[in-house]
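J.: quick one: sequence and predicted model below, then my questions.
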Amino acid sequence: MTFGQRVTIMRKQKNINQSELGAMIGTSGNIVSKYERDFITPSIEVAAKIGKALNVSIDYLVNGISPERGPISEEEAGKLRNFDELLPEDKLHVLAVIEAFLTKSKLQSLLG
């Protein structure tokens, strides 16, 4: 899924039309339409404004990281801090498992 497709989905979920989104980010509905159709790509600053207007992260708009994912919890942060305490071999295993889940997620998003 592209940046433009994600913007379109989130804009429609929020019941905002292209002109309204354009006004929220300081541009026109025609420019928003071009972003959504991937005719042009916004600057990072404009992408951040779009994310803020739609209440989603720029990571979601650019990389497809789920908008439902909230901030990392204290428990998760603690576990990540402990990663450095693992043996090098164990670190490789953990990273391989993470990579497998990321690949699975990408495949699922491609398959719809």
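T.: Received it, and whenever you're ready, just let me know what you need.
J.: right, and residue 24 touches residue 55 too?
T.: No - assessed by Cβ atoms under 8 Å, residue 24 is found out of contact with residue 55, at 11.0 Å. For every residue, glycine as well, the C-beta is placed using N, CA and C.
J.: can you point me to the longest helix in the chain?
T.: Ranked by number of residues, the top helix in the chain under DSSP state H is helix 88-111.
J.: quick one: average pLDDT of that one?
T.: If you average the pLDDT over helix 88-111, you get 88.
J.: the more surrounded of residue 24 and residue 55?
T.: Neighbours of residue 24 and residue 55, each counted by other Cβ atoms under 10 Å, are more numerous for residue 24; the result is 16 against 9.
J.: how about residue 79, phi and psi?
T.: phi -70, psi -40 (degrees, to the nearest 10).
J.: so what are the domain limits for this protein?
T.: According to automatic domain parsing, the chain comprises the domains 3-63, 74-111.
J.: most tightly packed of those?
T.: With neighbours defined as mean count of other Cβ atoms under 10 Å, these peak in mean count at domain 3-63, which reaches a mean of 16.
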